[in-house]
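> Here is the input, now give the coordinates:
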Amino acid sequence: MEKSCTLLVHFDKGTPTIANEIKEALEGNDIPAKIDALKKAIMILLNGETIPQLFITIVRYVVPSEDHTVQKLLLLYFEIIEKTDSQGRVLQEMILICQNLLNNLNHPNEYIRGVTLRFLCRLKETEVIEPLIPAVLLNLEHRNSFVRRNAILAVMSIYKLPQGEQLLDNAPDLIEKVISTEQDASAKRNAFLMLFTCAQDRAVNYLFTHIDRLNDWGEQFQMVVLELIRKVCRANKGEKGKYIKIIISLLNAPSSAVVYECAGTLVSLSSAPTAIRAAANTYCQLLLSQSDNNVKLIVLDRLNELKSSHREIMVDMIMDVLRALSSPNLDIRRKTIDISLELITPRNIDEVVLMLKKEVVKTQSGELEKNGEYRQMLVQAIHSCAIKFPEVASTVVHLLMDFLGDSNVASAIDVVVFVREIIETNPKLRISIITRQLDTFYQIRAARVCSCALWIIGEYCLSLSEVESGIATIKQCLGELPFYTPTEEGEGQDSSKNSKQANSMTVSSRRPAILADGTYATQSAASETAMSPPMLVQGSLASVGNLRSLIIAGDFFLGAVVACTLSKLVLRLEEVQLSKVEVHKASTQALLIMVSMLQLGQSSFLPHPIDNDSYDRIVLCIRLLCNTGDEGRKIWLQSCRQSFVKMLADKQFRETEEIKAKALISHTQPDDLIDFYHLKSRKGMSQLELEDEVQDDLKRATGEFMKDGDDANKLNRILQLTGFSDPVYAEAYVTVHHYDIVLDVTVINRTKETLQNLCLELATMGDLKLVERPQNYTLAPESSKQIRANIKVSSTETGVIFGNIVYETSNVLERNVVVLNDIHIDIMDYISPATCADVAFRSMWAEFEWENKVAVNTVLQDEKDFLNHIIKSTNMKCLTPLSALEGECGFLAANLYAKSIFGEDALVNVSVEKQADGKLSGYIRIRSKTQGIALSLGDKITLKQKGGT
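Take a look at the predicted model:
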């Protein structure tokens with residue numbers, strides 16, 4: 001059986017050491033060699049080896065040494081050697097150690113006395129300790145504080161031994177005398193710790209007797225006081241009021257650690273608004289005063305917890321929380337924004353948006369590495385503010401439109417999506433947004449942003465001037481037609497053949513002619529762009545329009561969007577323009593542009609021809625403009641907008657439903673008792689105590705004092721580990737709490753004999769680690785024992801805990817073993833449904849390298865039933881809106897998303913098709929950043945997907 005270890009030292013097994021070499025070095029007079037040999041001996045012992053022959057050598061040659069390092073190492077050696085035999089009796093030779101320890105306790109040097117007293121704290125053998133007690137007590141009055149503080153700890157550890165109260169029955173009285181006269185802060189703290197651990201009432205009396213000097217006590221002492229308060233209040237909730245006042249007074253302590261602990265203690269003990277406000281203020285001050293990013297993240301986590309339980313108080317702190325945006329760390333900024341967005345109210349929205357706007361402007365100035373990503377976060381935050389409170393949209397939309405040409409494409413996409421939503425939900429802003437959009441369109445450089453901006457222009461240009469400006473803007477960004485000339489196509493082909501010898505400068509060696517209006521001759525610009533390396537395709541603002549450079553680079557999806565936008569603008573022009581001549585002129589120009597794009601796409605001028613979808617779309621636009629019917633006009637001018645409105649309404653509906661679902665959770669039963677505030681006895685209660693009482697009643701009424709889970713749910717988590725016919729029956733109740741798994745194992749002796757040295761031996765597979773080895777027990781006939789084992793989890797991966805129960809009986813010499821049933825730790829305990837934007841989902845899907853592809857194999861015959869079954873089985877959220885899953889088309893594709901407690905993302909794509917025989921086929925793809933989560937989720941889906949199983 002492995003023993004508990006009080007000392008841990010790294011040992012390199014690569015260099016074996018021979019016991020004889022160590023023995024020779026210890027017998028010599030060379031002190032450095034002696035030190036080195038002692039260190040080697042300690043490391044070998046820690047590694048599980050035994051060197052019994054060294055003990056006498058050490059007693060003879062090392063114990064008499066006066067060197068301090070040797071004496072310290074000697075105590076470490078004594079700490080780790082085996083001091084008892086197999087029966088648990090102390091070995092005879094330990095009497096030699098006892099004499100050495102007694103000499104050390106009376107040694108003239110303070111360091112030797114101190115380290116020996118510290119060693120006694122880790123000594124458990126009563127027979128060795130008993131003769132040393134008088135010397136330990138004498139050291140309580142030593143002149144040096146180092147000796148006194150270790151003597152107090154030694155007294156505490158002796159008193160805590162199983163026979164400690166017989167060995168030192170007057171220890172609390174002694175320590176109480178010591179603490180009243182002691183001047184050293186550290187020794188005083190140790191004395192208080194001893195009273196707190198061994199005589200709690202005395203510690204409480206001392207605290208209230210000297211409460212006026214509480215702020216003068218050191219940081220360590222104050223931390224022990226807080227620990228005492230927590231322990232007392234947990235045991236006796238009725239006395240919370242007087243202790244809360246002590247905590248609030250400690251909030252002014254100079255130590256940040258004490259202040260942080262005070263705030264945490266306040267929140268755990270009280271729900272009174274005054275106490276919660278004080279804790280929130282403390283956290284906000286720590287957020288600004290601490291420079292360590294880890295500390296800031298921890299404090300933000302605490303504020304997030306406060307936000308969940310005390311939102312109305314946190315609302316007033318929102319501006320203090322937002323000051324954390326001054327940190328350059330992106331994680332801190334993201335967390336700060338997430339907390340703040342849930343604290344927005346009509347009263348503070350203007351202040352919050354103003355702050356976010358200032359931050360957006362700041363991102364323009366300093367060219368920091370992560371500015372683009374931070375700007376994207378701010379844009380998303382402002383977007384959600386504007387959706388919740390439409391009246392603020394007018395103050396931010398024009399500022400954000402300056403970032404449509406942002407070099408960070410993700411940020412620019414967020415801006416254009418925001419603009420698209422605001423222009424629909426805020427009709428008053430339509431004219432100003434469209435005007436600004438047309439003015440800044442030429443700055444946009446990303447194809448996806450261009451596509452969305454063109455859709456806005458096509459849908460929301462309504463008046464004659466807007467429609468004409470829209471057409472003119474698109475023409476300007478496309479440049480002169482055609483995109484290339486047939487004569488130059490041949491030249492382009494010839495030059496491309498020689499492109500290995502001649503670079504792009506050869507093609508543009510004929511300098512393009514400059515026309516009277518200052519523009520380049522079209523054909524030269526086209527050929528130069530096409531034959532230059534990709535980086536030159538974009539061109540500068542002066543030479544090539546953004547749409548032209550993107551289309552010539554081969555983006556024909558954008559070309560199709562241009563064609564659709566022009567078609568809508570021409571159709572709308574027919575409605576608002578009285579002059580038919582102007583309409584026909586615009587229609588002809590639009591047709592010319594579309595035909596030019598088709599001509600470019602089908603030429604051998606580009607390495608990749610136009611794709612079929614884009615070709616069909618542009619041809620459809622040409623047909624529409626050549627022959628427009630009323631039905632077609634209605635579809636193009638009205639149905640597109642209606643679809644968009646429906647999409648926004650659907651999004652709003654989903655958000656409302658989620659809020660309603662949260663509100664429907666029943667906290668308490670209708671017939672529960674109500675304790676009325678005004679009927680309370682107020683005798684001798686301060687305002688804070690009264691507030692605390694009222695808040696406790698409210699918590700009781702709203703069900704916050706309910707048990708963690710009902711008994712029926714607990715029964716589901718009980719696992720049988722052994723059979724009913726085994727001599728020892730065991731079952732475990734498994735609790736998974738974030739990074740910890742707690743196994744409460746009930747062991748029952750089914751026999752008529754006493755089981756000795758019964759031990760629960762556990763081992764783990766996967767990223768699980770056993771924290772401590774359970775100790776040995778003796779189990780009387782037909783009695784039971786509760787054994788608790790703690791296991792740490794380090795990643796989201798299905799793990800297995802296995803082991804056995806080992807015991808001895810009185811009449812059999814050999815040990816008996818009962819093998820336990822394996823406990824499988826389910827991945828579902830670590831992942832929870834989460835939401836993310838489609839853009840974020842796609843970028844993660846492209847970025848994550850681990851994919852697990854699971855073939856659909858199910859008895860279910862309906863696609864939606866299968867999807868719902870997968871969602872339920874995997875504990876994930878479906879990101880695909882319900883409206884997109886409506887209808888009966890025989891196939892279904894949906895995206896699912898979840899987040900683990902370790903912050904890992906799990907992405908799932910379900911693609912299912914109904915076969916002719918009614919069965920479902922397809923694939924479920926799982927992607928994640930780590931291998932564990934992808935494999936574990938895949939195994940779970942394979943197991944659960946059949947439907948009935």
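
> Residue 294: neighbouring residues, count only.
For residue 294, the count of nearby residues is 10 (other CB atoms under 10 Å). To be clear about C-beta, it is placed using only N, CA and C from the backbone, and glycine gets the same treatment.

> quick one: buried residues of the strand or helix carrying it?
When elements are defined using DSSP states H and E, residue 294 is found to belong to helix 293-309. By 16 or more other CB atoms under 10 Å, the buried positions in helix 293-309 come out as 296, 299-300, 302-303, 306-307.

> Residue 726 reaches residue 750, doesn't it?
Yes: look at residue 726 against residue 750 with CB atoms under 8 Å: they come within range, at 7.1 Å.

> Residue 167 and residue 126: what is the separation?
For residue 167, the distance to residue 126 equals 7 Å [CB to CB, to the nearest Å].

> so what's in contact with these two at the same time?
Here residue 167 and residue 126 have residue 161 as joint contacts, going by CB atoms under 8 Å, 6 or more residues apart in numbering.

> Nearest spatial neighbour of residue 176, chain-adjacent residues omitted?
Ranked by CB to CB, 6 or more residues apart in numbering and with sequence neighbours excluded, the top spatial neighbour of residue 176 is residue 202, at 5.6 Å.

> What helix or strand is that neighbour located in?
helix 200-209.

> all strands for the stretch 751-900 of the chain, in order.
For the stretch 751-900 of the chain, the strands defined by DSSP state E, counting those that start in this stretch occupy 755-765, 768-770, 777-779, 784-793, 799-809, 812-819, 823-825, 831-833, 850-855, 877-878, 891-900.

> can I see the domain layout of this protein?
Per the TED database, the structural domains of the chain span 201-270, 344-460, 463-483+545-628, 714-825, 829-945.

> okay, those domains in CSV with distance to residue 283 next?
Formatted as CSV, the domains of the chain follow (distance: least, CB to CB, whole Å):
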stretch, distance to residue 283
domain 201-270, 6
domain 344-460, 18
domain 463-483+545-628, 47
domain 714-825, 21
domain 829-945, 21
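
> wait, which of these is closest to residue 292?
In terms of CB to CB, the element of the domains of the chain nearest to residue 292 is domain 201-270, at 9.9 Å.

> now do the same end-to-end measure for the closest one.
The straight-line separation of the ends of domain 201-270 (CA to CA, to the nearest Å) is 22 Å.

> I'd like the mean pLDDT over it, please.
For domain 201-270, the mean pLDDT works out to 83.

> Output the lowest mean pLDDT helix or strand found in this structure.
Scoring the helices and strands of the chain by mean pLDDT, DSSP states H and E places helix 504-507 at the bottom, with a mean of 32.

> Adding pLDDT, write the buried residues of helix 293-309 out as TSV.
As requested, these are exported to TSV (pLDDT from 0 to 100):
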residue	pLDDT
296	92
299	92
300	92
302	90
303	91
306	89
307	88
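
> Closest one of these to residue 736?
Closest to residue 736 out of those is residue 302 (22.5 Å), distances taken as CB to CB.

> who's in contact with that closest one?
Listed by CB under 8 Å, 6+ apart, the contact set of residue 302 reads 263-264, 267, 283.

> pretty sure residue 720 contacts residue 821?
Yes: between residue 720 and residue 821 there is a contact under CB under 8 Å: 6.5 Å.

> Between the two, tell me which one has more neighbours.
residue 821 (15 against 12).

> Quick check: the more buried one vs residue 723, distance?
Plainly put, residue 821 is 9 Å away from residue 723 if you go by CB to CB.

> now residue 404
Distance, residue 404 to residue 723, by CB to CB: 70 Å.

> Neighbour count for those two, which is higher?
For residue 404 and residue 723, the more surrounded residue by other CB under 10 Å is residue 404, and the numbers stand at 24 against 10.

> doesn't that one fall inside a helix?
No: if the criterion is DSSP: H, G, I helix; E, B strand; the rest coil, then residue 404 is coil and not within a helix.

> Quick check: nearest residue in space to it, chain neighbours excluded?
Spatial nearest neighbour of residue 404, chain neighbours left out: residue 444 (5.2 Å); criterion: CB to CB, 6+ apart.

> and what of residue 217?
That would be residue 185: by CB to CB, 6+ apart, it lies 6.9 Å from residue 217.

> Count the neighbours of the one you found for me.
Residue 185 - counted by other CB under 10 Å - has 16 other residues nearby.

> and what of residue 18?
Considering only other CB under 10 Å, residue 18 is surrounded by 9 other residues.

> Would you mind measuring from it to residue 611?
As defined by CB to CB, residue 18 lies at a distance of 76 Å from residue 611.

> How about residue 129?
Distance of residue 129 to residue 611, computed by CB to CB: 86 Å.

> So which of the two has more stuff around it?
More crowded of residue 129 and residue 611, by other CB under 10 Å: residue 129, with 22 against 14.

> you'd agree that one is up against residue 123?
Yes: between residue 129 and residue 123 there is a contact at 5.9 Å, judged by CB under 8 Å.

> Give me the common contacts of these two.
The overlap between the contact sets of residue 129 and residue 123 (CB under 8 Å, 6+ apart) is empty.

> Buried residues in the helix or strand residue 472 falls within, which are they?
Counting by DSSP H and E, the element that carries residue 472 is helix 464-478. Across helix 464-478, burial judged by 16+ other CB under 10 Å covers 466-471, 473-475, 477-478.

> ok, now stretch 759-771?
Here stretch 759-771 shows 759-762, 764, 766-768, 770 as buried, counting by 16+ other CB under 10 Å.

> CA atoms of it as CSV?
Output of stretch 759-771 as CSV, limited to C-alpha atoms (Å, rounded to 0.1, in the frame of the first residue of the first chain):
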residue,chain,number,x,y,z
CYS,A,759,-8.6,-0.5,1.1
LEU,A,760,-10.3,0.9,-2.0
GLU,A,761,-7.6,0.9,-4.7
LEU,A,762,-8.5,3.0,-7.7
ALA,A,763,-6.8,3.7,-11.1
THR,A,764,-7.8,5.9,-14.0
MET,A,765,-7.5,5.9,-17.7
GLY,A,766,-7.8,9.0,-19.9
ASP,A,767,-7.1,12.6,-18.6
LEU,A,768,-8.2,11.7,-15.1
LYS,A,769,-5.9,11.9,-12.0
LEU,A,770,-6.5,10.5,-8.6
VAL,A,771,-5.8,13.2,-6.0
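
> Having no further points to raise, I will conclude here.
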